[in-house]
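Engineer: for reference, the sequence and a predicted model appear below.
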Amino acid sequence: MMHSTRWQTLLLVAAGVAVGTWIVLRTMASRGALPPNVPWLVVVVELGIAVVVFVLGWHVREYLQGKRPNLDALRAARTVVLAKASCYTGALLAGWYGGHVLALLTGTDEPGNGGRIVSAAIAAGGGVVLSVVGLVVERFCRIPPPEAGAEATRERPAPDPTTP
C-alpha cells in the first residue's frame, strides 16, 4: 500500500537540496567560477509535465466518480506513481534552483546576476508548481475506504459446507 506524500517531507527535501546547492555554488564562486545560467526552457518543461500529470490525474478522478467507466486500472496505478514522482522531482528542482537564487543573492555583484536570479527564481517556482500538482493528483487518485459492512463480509470466512 502506497502512502500519501507529506508536504513537510517535500519541504525538507527542497530545503536540503537548496542548502547543498548554495554551498556548492558558493565554493565554485570563491574559486572564480560563475553559476550556470538557467535556461527559460526549464520552466516550460516543468509546467508541461505538471499539465500532463494533472490531466492524467483528472481522468482517474473522473473514473473514481463513475464518469469514465473505461479507464484501465494499470493506467490509474501508473498515474499515482507519476504523481508521487512529480512531487519529489518538483521538490528537488525547487531546491536546486532555490539554491541558485540564494547563491546569487549572497554572492558578489557580478554583471548579469539580475537576469540569472529572475530565471532561477522562476524555475524554482516551476518546481513548486510541479510538486503541488503531484500532491493534488495523489489526492485525486485516493480510493475511498470500503464501507464497514462490506469489509466485515470480506473478512469473515465462508462456512464449510461439509460441517453439519
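Structural biologist: Received, thanks.
Engineer: CA atoms for contacts and neighbours, from now on please.
Structural biologist: Fine.
Engineer: secondary structure element for Pro69?
Structural biologist: For Pro69, there is no enclosing helix or strand under DSSP states H and E.
Engineer: once you drop chain neighbours, what's closest to it?
Structural biologist: Nearest residue to Pro69, sequence neighbours excluded (C-alpha to C-alpha, 6 or more residues apart in numbering): Tyr63, at 5.8 Å.
Engineer: what does the helix or strand containing the one you found contact?
Structural biologist: For Tyr63, the enclosing helix or strand under DSSP H and E is helix 41-64. The contact list for helix 41-64, computed with C-alpha atoms under 8 Å, 6 or more residues apart in numbering, reads 68-71, 76, 79-80, 82-83, 86, 90, 122-123, 126-127, 129-130, 133-134, 137-138, 140-141, 143.
Engineer: quick check on those residues: which are buried?
Structural biologist: 76, 79-80, 82-83, 86, 90, 122-123, 126-127, 129-130, 133-134, 137-138, 140-141 (16 or more other C-alpha atoms under 10 Å).
Engineer: which strands and helices lie in contact with the helix or strand hosting Val136?
Structural biologist: In this structure, Val136 sits in helix 113-140 according to DSSP H and E. Applying 3 or more C-alpha pairs under 8 Å, 6 or more residues apart in numbering; DSSP states H and E, one finds that helix 113-140 makes contact with helix 41-64, helix 73-106.
Engineer: now those in TSV, with mean pLDDT and distance to Met28?
Structural biologist: Formatted as TSV, the helices and strands packed on helix 113-140 follow (pLDDT from 0 to 100; distance: least, C-alpha to C-alpha, whole Å):
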stretch	mean pLDDT	distance to Met28
helix 41-64	95	22
helix 73-106	93	10
